[in-house]
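In: Generate coordinates for the sequence data below:
(chains A and B)
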Number of protein chains: 2
Amino acid sequence: MLKNVPAMAFTGSELDRAAHLRRDEGWLARARAETHSRCVLLDDDKVHLSSERGLRFAHAISDDAIFLGLDDDGHAWFAAAATAADTMLDLRNLAASGSLPAPQLDLLAQARSLLHWHQRHGFCAHCGHATEMRDAGYRRVCPACKAEHFPRTDSVIIIAVKRNRHVLMGRQASWPPGMYSTLAGFMEPGETIEDAARREVKEESGIDVGAIEIVANQPWPFPSSLMIGMIGEALNEDIVIDTTEIEHARWFSHADIEAMKLGTHKDGLKIPPPLAIAHHLILGAFQSS
Amino acid sequence: MLKNVPAMAFTGSELDRAAHLRRDEGWLARARAETHSRCVLLDDDKVHLSSERGLRFAHAISDDAIFLGLDDDGHAWFAAAATAADTMLDLRNLAASGSLPAPQLDLLAQARSLLHWHQRHGFCAHCGHATEMRDAGYRRVCPACKAEHFPRTDSVIIIAVKRNRHVLMGRQASWPPGMYSTLAGFMEPGETIEDAARREVKEESGIDVGAIEIVANQPWPFPSSLMIGMIGEALNEDIVIDTTEIEHARWFSHADIEAMKLGTHKDGLKIPPPLAIAHHLILGAFQSS
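Out: Just a heads-up that it's a prediction; the model follows:
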């Protein structure tokens, strides 16, 4: 495991998801009408904030609001789609700013992933008929072919590959100038986590990876990924880049990484902020294991 | 990590998935026509076998066959849907029997998950229009709304919870009589792996879990799951069962487990076979950590 890692964004939810209440229509109706209940409002990645920059809540909680769970006081939290308004802030920026308490950020991640799934899954992938929401947002059913559909989470492998006190990082052409990060990619059916990491690193950089340790994980709600973080040992050094996936990759020394973290690298290079699991994997590659 | 664990089923693929060839229509056409290429045939969970009980391959490889990858000899392997025939064997039974070499079993897992995805995702979840296969089976596109769809893998948490040299196991009413196993469940959007495990164990058994270690993982192609295996420390002992999820749960001693493994338990109780990750998690709970 990584040592001395502060809580990453989206990893410290304090809501009790209370799954047994999702099919209790009577309880849900009472909770929607209860004045202590809260309903957060999102438009895609954008979160509706109040003028005081805290969360803005719906005045009335609609029947199609998604039930997120119960807080420590036993109050119900819901999520609903909002139309664009003046006081919207991007969820990534909100996470980076640290302006919201961590548990609120975590429930926004849950809300954003679920709302996005409903927006993109209104039809049955099996027969094409329009589907209907069930279980307060955790299931959709097809009235035509009776297929059930459940929210989707895509697992992403992300790995800091190390060798001789250096770490392998790459960059995509679309990223901010100077930004480098750990290699990453979606898992495919029938792979182990380690095989997926080895495949992705080999494809992108030509590097073979031997021993791998899973050291951290982070939900990433853009729209609905689970980042599975690893540190691995490279078996070779010569990088061969697949330019369809990344623009550049190279080995970085510990001194490089420390300067990139502090924003003092002589070439203006950077690593992702502490918000992202990549930041902690990169630093973790220099911890003694 | 678990110690002394033999390779679990579906975890040792030797195919190079060669993703860069998936969009190379010229190469794919040549590979489909090449006599050394192989195309396995499945009907849902059933695998088409030859009369010698080895894999049966298609005589001609169709344009809609899925490209699985290249073997060590550089030969291409494909997968296609078969109609039911005399010589079909269930993939679970095939795995349990040990009659096929492990690498062939692993590519069948990949084939089964991908074929199932296409069978169940012929329509666009976003707009309901019929979709078309692309990338030799690794993508579908909607000609109407242009949405892209990728194969889905569902992550499942599975955990051996231990306390005072006992391990917590439960059973579902639908299981064979006497079978007990580790608690497990699908991950939900916005959760960490550890939070998902704590939620599932709490829901099913009332037990709170403290420290958790991820120790193993296994693709499970029925139809397309990734089992993420953990060992965790219980914080309490009194079990409260959620009977909508499981029929019974209890604590088992090391002597219980050893007898269940050998089939000599005085009450006829059993644990899952070595094929399943659960088997190794259960035994792993008694290894010193």
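In: Pretty sure A:Ser113 sits in a helix.
Out: Yes. If the criterion is DSSP: H, G, I helix; E, B strand; the rest coil, then A:Ser113 is within a helix.
In: Next one: the nearest residue to it once chain neighbours are set aside relative to B:Leu15, how far apart?
Out: Residue nearest to A:Ser113 in three dimensions, not counting chain neighbours: B:Pro189, with 3.5 Å by Cβ to Cβ, 6 or more residues apart in numbering or on different chains. (C-beta placed from N, C-alpha, C; glycine too.) Distance of B:Pro189 to B:Leu15, computed by Cβ to Cβ, to the nearest Å: 31 Å.
In: More neighbours: which of the two?
Out: Counted by other Cβ atoms under 10 Å in any protein chain shown, B:Pro189 and B:Leu15 do not tie: B:Pro189 has more neighbours, with 25 against 18.
In: Hmm, A:Pro221 and the more buried one touching each other?
Out: Yes. Proximity of B:Pro189 to A:Pro221 meets the contact threshold set by Cβ atoms under 8 Å, at 7.4 Å.
In: can you list residues touching both of these two?
Out: Residues within reach of B:Pro189 and of A:Pro221 at once, by Cβ atoms under 8 Å, 6 or more residues apart in numbering or on different chains, are A:109-110, A:113.
In: which SSE is A:Ser99 in?
Out: A:Ser99 is part of no helix or strand, with elements assigned from DSSP states H and E.
In: what do you get for A:Arg92?
Out: Here A:Arg92 is assigned to helix A:91-97, by DSSP H and E.
In: on that earlier part again, please produce CSV containing the shared contacts of B:Pro189 and A:Pro221, extended by pLDDT.
Out: Conversion of the shared contacts of B:Pro189 and A:Pro221 to CSV gives the following (pLDDT from 0 to 100):
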residue, pLDDT
A:Ala109, 95
A:Gln110, 96
A:Ser113, 97
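In: Can I get those residues in CSV including neighbour count?
Out: As requested, these are arranged in CSV below (neighbours: other Cβ atoms under 10 Å in any protein chain shown):
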residue, neighbour count
A:Ala109, 24
A:Gln110, 27
A:Ser113, 26
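In: and the residue most central in space within chain A, how far is that from A:His118?
Out: Centrality entry for chain A: nearest residue to the mean C-alpha point is A:Trp220, 0.1 Å, by Cα atoms, centre = their mean. Separation of A:Trp220 from A:His118 (Cβ to Cβ): 19 Å.
In: same deal with A:Ala96?
Out: As defined by Cβ to Cβ, A:Ala96 lies at a distance of 26 Å from A:His118.
In: do A:Asp90 as well
Out: As for A:Asp90, its distance to A:His118 is 20 Å (criterion: Cβ to Cβ).
In: ditto for A:Gly26
Out: Using Cβ to Cβ, one gets 23 Å for the distance from A:Gly26 to A:His118.
In: One more: A:Met187?
Out: A:Met187 sits at a distance of 24 Å from A:His118 (criterion: Cβ to Cβ).
In: if we can go back for a sec, show me which of A:Asp90 and A:His118 is the more surrounded one.
Out: A:His118 (16 against 13).
In: Could you say which helix or strand holds the more buried one?
Out: Using DSSP H and E, the secondary-structure element containing A:His118 is helix A:102-120.
In: What residues sit buried inside the following helix or strand past that helix?
Out: Tracing the chain past helix A:102-120, the next element assigned as helix or strand by DSSP H and E is strand A:132-134. Along strand A:132-134, these residues count as buried under the neighbour rule (16 or more other Cβ atoms under 10 Å in any protein chain shown): A:Met133.
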